[in-house]
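Student: Take this sequence and fold it.
(one chain, ligands or ions: 1)
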Amino acid sequence: MLLRGVSISPIPKSTQFRSRPCPRTVSASAPTSSSVTPSFSISDQSLESKGFVIKHTTSDLDLDQLNSIFVAVGFPKRDTEKIRVALAHTDAMLWIEDVRRSRPVAFARATGDGVFNSIIWDVVVDPGYQGIGLGKAVMERLVDELLRKGITNIALYSEPRVLGFYRPLGFVADPDGIKGMVYTRRPKK
Ligand SMILES: CC(C)(COP(=O)(O)OP(=O)(O)OC[C@H]1O[C@@H](n2cnc3c(N)ncnc32)[C@H](O)[C@@H]1OP(=O)(O)O)[C@@H](O)C(=O)NCCC(=O)NCCS
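Tutor: Numbers count the residues shown, from 1 in each chain. Purely as a prediction, here's the structure:
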């Protein structure tokens, strides 16, 4: 899916979506960077009043706890060291901590070329915290951060059951008929 409103360039052929894809493309095009004024559905202050804090760095992110959220939502369990490497190669990332329990409860990240294109990965909310606006909170802030960097071609993969989550955030499936394609390694015979 691509973000609505910005010129859409074809999904780069070099992009081989091998992380934890949400397997259907969705993309979003958006207004340009500097004029964007964030209007989040829930403010940082409101989140804090509910015991949540937004974090933008990995310094105090417990990767084992993050991994356990991935597993809890049905993503495959990953090698924590590989998650560390992936995060080191991530352009934009944020997560939400439940301050009382001192643990991550929501997460999203984006990789890209830093100028034109970005792809969002690993959008997750701990099942015990879903349905209270945290997924929207991380997505709104992640997209805002990318737009502020001037990145206007923002894409992601969406599982069919989650399309309705991304659409109100500005993402459009198959814009101009563009289809995402994924290289799949053939099993050895
Ligand atoms: C998808 C996910 C990130 C949504 O996070 P969440 O915190 O539960 O969602 P929110 O509470 O922020 O919901 C925001 C809005 O999206 C809607 N929404 C949430 N999940 C939805 C879904 N699967 N389909 C349609 N709408 C959805 C909510 O009703 C809410 O609508 P509103 O703004 O009109 O009230 C979360 O359910 C999750 O982690 N799922 C498992 C992992 C996953 O599938 N990730 C995406 C991979 S493609």
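Student: from here on, contacts and neighbour counts on C-alpha atoms
Tutor: Fine.
Student: quick one: average pLDDT of stretch 95-103?
Tutor: Summarised as a single mean, pLDDT over stretch 95-103 is 98.
Student: Give the next helix or strand downstream of the longest helix seen in the chain.
Tutor: The residue-count maximum for a helix in the chain (DSSP state H) belongs to helix 134-148. Remark: after helix 134-148, the chain's next helix or strand is strand 153-157, criterion DSSP states H and E.
Student: roughly how far is that next one from the heart of the chain?
Tutor: Relative to the centre of its chain, strand 153-157 is centred 9 Å away, using C-alpha atoms, centre = their mean, to the nearest Å.
Student: near the ligand at all, the next helix-or-strand element following it?
Tutor: Tracing the chain C-terminally past strand 153-157 and defining elements by DSSP H and E, one meets helix 163-166 next. Yes: using C-alpha under 6 Å from any ligand atom, helix 163-166 comes into contact with the ligand via 164-165.
Student: and if you look at stretch 49-60?
Tutor: No: residues of stretch 49-60 are not located near the ligand by C-alpha under 6 Å from any ligand atom, the shortest gap being 12.7 Å.
Student: ditto for stretch 85-104
Tutor: No: Stretch 85-104 is not in contact with the ligand by C-alpha under 6 Å from any ligand atom; minimum separation 10.8 Å.
Student: For residue 186, report the pLDDT, please.
Tutor: Looking at residue 186, its pLDDT stands at 88.
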